[in-house]
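> Here's a sequence, model it:
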Amino acid sequence: MALTGLQIYKFLPKTNCKKCGLPTCLAFAMALAQKKASLDKCPDIDAAGKQALESASQPPMATLKFGIKDNEIELGGETVLFRHEKTFFHAPALVILLSDSLPEEEFKSKIENIRKMEFERVGMMFGIDAVALKNDSGNAETFAARAAAASEIPLVLISEDIGSVKKARAGISTQRPVVIGADAGNCEEWAKMAQETDCILAVKGKDLEEVAETSQKIQAQGFKNIMLCPKAENMKEALHSLTSSWRLCLKKSYRPLGYPLIGMAGGDIALAANFVCKYAGMVIVETEKYEELLALITLRLNIYTDPQKPLMMEAKLYEVGKPDENSPVIVTTNFSLTFYTVQPEIENSKIPAWLLITDSEGQSVLTAWAADKFNAEVIAQSLQKCGVAEKVKHKKLIIPGYVAVLKAKVEEESGWEVLVGPKEASALPKYLKESWR
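The predicted structure follows:
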């Protein structure tokens, strides 16, 4: 059971030395209870106190690293159930499932396609994080050969045979794989293997209770590089199982479940989306369809961004196409979604333009205007700072239609003639073709 701040305080030196970075020992105790500080920040605690507080000082969920050495992917380490409470730190790894029974050339072709997969969202590039290799062939040699062929991609090895896993692991020394194969009946042997070969061991079970019991057995052997893979037959079971695990881990500090979870979605994209939302650290999905993977990546991006720090563009002057001295100047805010909505529509118009992005703290046009972050003064200062006046021979500025009320004030502040553009970005091509002179 987790200790309260006052219970922790009893074990501290009570010197208020501030060496931990906090003003008092009581403040440090409260931070420790909330998992916002680590015990090693207190240099003066005695051995008895340190031993008593060891569990309280540990983070509720372990952070694990897997994949290519020196470029590992981090999983877990979360501290809250809902991102608005703080934020989520490590987005779930998106993993494509492949069978080792595929013909060699077909397998290599699929691996190459996965390596080349790129998805662009709001100016950021994403790829597939890893490949899960399943030992459907039942042959250790084939399994090892396929693992070696895919060794440039982080791997998850799935097999019921520990010998096959050992052989495959030996051929991928450049990375640290996740291994799925341990259960209640064989966990001691698999834990020993994982410790000797430096793997992360995923614990399987028919339900969360069995997974927790198996996790305890493995921890008792001194091995803690664990992931959890409770069985889920359908969406309801998956939602209940993974949510319960996070609640017990984060709210009750239940150590057997203090590890990242694996969601096995098969070809069910809706189930995969469920795992992204709640609460898998790794989602294994059996699809290579671009549109399905893009949907999952977009969903993951939306959830695993800091809600207190919106995605934003650098505030500056952007060239859309190859604008010249006669090209229009269009202004909007630095909210990423606004930028990546407006920019393609300008491109669709076939009229090159200067796109002026103001510093509006990552807010959309109406939100920034309501918060007084997108006003005449901000726009006028941005015009002056970006130097667009030296790039065009006209002094005409197009503002979003939703803030038409700013027209007179912007003209007064900047000395530019203001044209009121459309409210929606989708209307920009027609507007530019018909109204720009």
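> so which helix or strand takes in the closest residue in space to Arg247 that isn't next to it in sequence?
Counting by C-beta to C-beta, 6 or more residues apart in numbering, Arg247 lies nearest to Leu81, which is 6.7 Å off, once chain neighbours are set aside. Yep, even glycine has a C-beta here, placed from its N, CA and C like the rest. In this structure, Leu81 is located outside every helix and strand according to DSSP states H and E.
> where's Leu81 relative to Ala182, distance?
Noted for Leu81: a distance of 27 Å to Ala182, by C-beta to C-beta, to the nearest Å.
> Give me the domain ranges for the protein.
5-57, 63-303, 317-435 (automatic domain parsing).
> what about the shortest one, average pLDDT?
For domain 5-57, the mean per-residue pLDDT is 84.
> thinking again about what came up before, among Leu81 and Ala182, which residue is more densely surrounded?
Ala182 (28 against 15; other C-beta atoms under 10 Å).
> confidence score at the more buried one?
92.
> Contacts only, for the closest residue to it other than its chain neighbours.
Leaving aside its chain neighbours, Ala182 sits nearest to Trp190 (3.8 Å; criterion: C-beta to C-beta, 6+ apart). By C-beta atoms under 8 Å, 6 or more residues apart in numbering, the residues touching Trp190 are Ile162, Val179, Gly181, Ala182, Leu201.
> ok, the first one to Asn186 distance?
What that stands for is Ile162. 7 Å.
> Check the last one too.
Distance of Leu201 to Asn186, computed by C-beta to C-beta: 11 Å.
> next one: Lys236
Lys236 is 29 Å from Asn186, by C-beta to C-beta.
> Show me which of the two is the more surrounded one.
Neighbour comparison, Lys236 and Asn186: the larger count goes to Asn186, with 15 against 10 (by other C-beta under 10 Å).
> quick one: the helices in the stretch 251-400 of the chain?
269-277, 290-303, 336-349, 365-370, 376-386 (DSSP state H, counting those that start in this stretch).
> Scan the helices and strands of the chain for the one with the lowest mean pLDDT.
helix 54-57 (a mean of 62; mean pLDDT, DSSP states H and E).
> Quick check: what element follows it along the chain?
The element immediately downstream of helix 54-57 (helix or strand, assigned by DSSP H and E) is strand 63-68.
> send the alpha carbons of that next one over as PDB?
Extracted in PDB, the C-alpha atoms of strand 63-68 (Å, rounded to 0.1, in the frame of the first residue of the first chain):
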ATOM      1  CA  THR A  63       9.800   2.900 -18.000                       C
ATOM      2  CA  LEU A  64      11.300   0.400 -20.400                       C
ATOM      3  CA  LYS A  65      13.400   0.700 -23.600                       C
ATOM      4  CA  PHE A  66      13.400  -1.700 -26.500                       C
ATOM      5  CA  GLY A  67      14.600  -1.700 -30.100                       C
ATOM      6  CA  ILE A  68      17.800  -0.800 -31.800                       C
END
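> Compute the mean per-residue pLDDT across that strand, please.
94.
> Give me the contacts around that strand.
72-77, 90, 93, 129-130, 152, 154, 174-178, 200, 225, 227, 259-260, 281.
> Put the buried members of those into a ChimeraX selection.
ChimeraX command restricting the contacts of strand 63-68 to the buried ones, with burial defined by 16 or more other C-beta atoms under 10 Å:
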select :73,74,75,76,77,90,93,129,130,154,175,176,177,178,200,225,227,259,260,281
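> can you redo the contacts of Trp190 as TSV with distance to Ala170 and secondary structure?
Shown next, in TSV, are those (distance: C-beta to C-beta, whole Å; DSSP: H, G, I helix; E, B strand; the rest coil):
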residue	distance to Ala170	secondary structure
Ile162	13	helix
Val179	13	strand
Gly181	16	strand
Ala182	19	strand
Leu201	17	strand
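> Drop anything exposed from these.
Counted by 16+ other C-beta under 10 Å, the contacts of Trp190 give Ile162, Val179, Gly181, Ala182, Leu201 as buried.
> I figured the third one hits Val156, correct?
No: contact between Gly181 and Val156 fails when scored by C-beta atoms under 8 Å: they sit 10.7 Å apart.
> intersection of neighbour lists for the two?
Counting by C-beta under 8 Å, 6+ apart, the shared contacts of Gly181 and Val156 are Ala202.
> Strands along the stretch 301-437 of the chain, start to end?
With DSSP state E, counting those that start in this stretch as the definition, the stretch 301-437 of the chain shows strands at residue ranges 317-320, 329-332, 353-357, 396-399, 417-420.
> who does the last one touch, helix- and strand-wise?
Contacts defined by 3 or more C-beta pairs under 8 Å, 6 or more residues apart in numbering; DSSP states H and E place strand 417-420 against strand 396-399, helix 407-414.
> What are the buried residues along that strand?
Within strand 417-420, judged by 16+ other C-beta under 10 Å, the buried ones are Val418, Leu419, Val420.
> With distance to Ala47 and pLDDT added, can I get the residues you listed in a markdown table?
Below are the buried residues of strand 417-420 laid out as a markdown table (distance: C-beta to C-beta, whole Å; pLDDT from 0 to 100):
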| residue | distance to Ala47 | pLDDT |
| --- | --- | --- |
| Val418 | 71 | 94 |
| Leu419 | 74 | 94 |
| Val420 | 72 | 94 |
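> Ala315: which of these is nearest?
Set against Ala315, the nearest of these by C-beta to C-beta is Val418 (19.4 Å).
> is it true that that closest one touches Pro400?
No: counting by C-beta under 8 Å, Val418 does not reach Pro400; the two are 11.1 Å apart.
> burial count for Ile330?
Residues near Ile330, counting by other C-beta under 10 Å, number 26.
> got the contact list for it?
Val342, Ile346, Ala353, Trp354, Leu355, Leu356, Leu397, Ile398, Gly421, Leu428.
> Pick the most buried one from the strands of the stretch 301-437 of the chain.
Most buried of the strands of the stretch 301-437 of the chain, by mean neighbour count (mean count of other C-beta atoms under 10 Å): strand 329-332, with a mean of 26.
> now it: mean pLDDT?
The average pLDDT for strand 329-332 rounds to 96.
> Kindly report the same for stretch 232-247.
Computed over stretch 232-247, the average pLDDT equals 92.
> Unless I misread the structure, the residue nearest to Ala182 falls within a strand.
No: under DSSP: H, G, I helix; E, B strand; the rest coil, Trp190 falls outside any strand and is assigned helix.
> measure it to Glu412 for me?
Separation of Trp190 from Glu412 (C-beta to C-beta) stands at 73 Å.
> same thing with Lys41?
Taking C-beta to C-beta as the measure, Lys41 and Glu412 are separated by 55 Å.
> More neighbours: those two, which one.
In this view Lys41 and Glu412 are compared by other C-beta under 10 Å, and Lys41 has more residues nearby, 15 against 11.
> if we can go back for a sec, redo the buried residues of strand 417-420 as CSV? Include distance to Val378.
Converted to CSV, the buried residues of strand 417-420 look like this (distance: C-beta to C-beta, whole Å):
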residue, distance to Val378
Val418, 14
Leu419, 18
Val420, 17
